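Undergrad: structure for the following, please:
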Amino acid sequence: MSLDTSRRSEPARRVVRTAVTADALDVDEHARLVGDAAAGAVVTFAGVVRDHDHGRAVLDLEYTGHPSAADVLAAVVARVSAQEAVDAVAVSHRLGHLAVGDCALAVAVSAAHRAEAFAACARLVDEVKEHLPVWKRQRFADGTSEWVACP
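TA: Numbers count the residues shown, from 1 in each chain. Sure, this is the predicted structure:
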């Protein structure tokens, strides 16, 4: 791997947090965790519970995770971080009951340049959604509910 001449050193590729938790998520805290003197960009993503899905009013969600979820998240984040030119990464997914407006997925990435940070953040979100064994039950205003992405 050749050194990016716009940097003084190779990307640190530090994973500073991976968590699957019932605790509320703070995207700003994730951003602070990835701060790095070499980083010219910090990109964050907040996956927030919305009040609708496919034209139906959503009241709230419940996320349930497989016991391996924390290990799977750590492996996904480590793999993506090793392959992207990032300085630091923090990713957390929430479990349990979430209300509309609550954060279900928090991602923060620091990198020397904005394009690298945006690309790595987008890839992390996609990879987490594809591989994390966490399932969502939505409750609708009409009294029904459904499981999403549940095998």
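
Undergrad: okay, CA-based contacts and neighbour counts for the rest of this
TA: OK.

Undergrad: element containing the residue most central in space within the chain, please.
TA: Residue closest to the average C-alpha location in the chain (Cα atoms, centre = their mean): Val107, at 3.7 Å. Taking DSSP states H and E as the criterion, Val107 maps to strand 103-111.

Undergrad: and the residue nearest to the centre of the chain, bridged to which residues?
TA: The partner list for Val107 in beta bridges (DSSP bridges) reads Phe45, Val91.

Undergrad: now do the same contact list for it.
TA: Val27, His30, Thr44, Phe45, Ala46, Val89, Ala90, Val91, Ser92, Cys121, Leu124, Val125 (Cα atoms under 8 Å, 6 or more residues apart in numbering).

Undergrad: likewise Asp26?
TA: Cys103, Ala106.

Undergrad: can you give me the distance of it to Val20?
TA: 13 Å (Cα to Cα, to the nearest Å).

Undergrad: now do Thr64
TA: Between Thr64 and Val20 the computed distance is 10 Å (Cα to Cα).

Undergrad: and Ala117, by the same measure?
TA: From Ala117 to Val20 the distance is 22 Å (Cα to Cα).

Undergrad: more crowded one of these two?
TA: In this view Ala117 and Val20 are compared by other Cα atoms under 10 Å, and Ala117 has more residues nearby, 27 against 23.

Undergrad: in this structure, which spans are strands?
TA: 14-21, 41-48, 52-53, 56-65, 88-94, 96-99, 103-111, 134-140, 145-148 (DSSP state E).
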